[in-house]
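Student: Just the structure for this:
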Amino acid sequence: MLTIAAAGLRRLAMSATEKFEVLFVLGGPGAGKGTLCHLLSEKYGYVHLSAGDLLRKERTKPDSEFGELIETHIKNGSIVPVEITCSLLERAMQTSQAPKKKFLIDGFPRNENNLTGWNKVMSDKVLLKGVLFCECSKEVCTQRCLNRGALGSGRSDDNEETLIKRHETYVQNTMPIIEYYEKQGLVHKLDAMKTPLKIVEDVEKFLPSIGW
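Tutor: Numbers count the residues shown, from 1 in each chain. Predicted structure coming up:
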């Protein structure tokens, strides 16, 4: 028979193994976060969750109470309230049918409020394994987004005016988050000016160090 102490330790061990494993993927708009996550997902079976895609999908639902609010923030290049984003991310993780409960979350957390909200709501439910930081120049990022828009991305924020605001938001709000995680030794920097396949090779050298 298990002692009370042993039973408690067993519950803690079970709870740790049941947690979702997460890698944040951060970088400026157009840095290639989505492409990188897509390639890693295809190759390794990780689940790619884009905070932006989840928000854009939510805003198109006719019965969504958040649709109009999300649309306003996206058009203004500003950041959607963290409660909404965390709720969508948690729902996506809980309902995922993928065999691997390992998630690549790109475009989040984007500011201090995102970070605080995530830590409050999700810290007991996930294991943050690290942060992939896609470093890319503002000029290249902007051109990639404009090219994406010209090819019919359907994104209302792929235009020059909104991109200026998005870059400002990124520098002011997201870079401090990357610096915060860097102090914890969780950030792995990637040269996002390389081709997507070369970036994947760089990530593959890093993954064994976190047990992925």
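
Student: rest of the way, CA atoms for contacts and neighbours
Tutor: OK.

Student: which residues does residue 206 contact?
Tutor: Neighbour list for residue 206: residue 188 [criterion: CA atoms under 8 Å, 6 or more residues apart in numbering].

Student: Residue 180 versus that one, what's the distance?
Tutor: Distance, residue 206 to residue 180, using CA to CA, to the nearest Å: 20 Å.

Student: what's the answer for residue 56, then?
Tutor: Per CA to CA, residue 56 is found 28 Å from residue 180.

Student: Same check on residue 168?
Tutor: Distance, residue 168 to residue 180, using CA to CA: 19 Å.

Student: for residue 31, same thing?
Tutor: 20 Å.

Student: more crowded one of these two?
Tutor: residue 31 (24 against 15; other CA atoms under 10 Å).

Student: Tell me where this protein has strands.
Tutor: 20-27, 47-50, 102-106, 126-135, 187-191 (DSSP state E).

Student: and the first one, average pLDDT?
Tutor: Confidence over strand 20-27 (mean pLDDT, whole number) is 97.

Student: what angle separates it from strand 187-191?
Tutor: 40 degrees (axes from the mean of the first three to the mean of the last three CA atoms, to 10 degrees).

Student: Ok, the third one next?
Tutor: Angle, strand 102-106 to strand 187-191, by the same axes, to 10 degrees: 60 degrees.

Student: residues making contact with strand 102-106?
Tutor: Contacts for strand 102-106 (CA under 8 Å, 6+ apart): 20-26, 33-34, 37, 46-51, 93.

Student: Who are the contact partners of residue 75?
Tutor: Contacts for residue 75 (CA under 8 Å, 6+ apart) come out as 156-157, 162.
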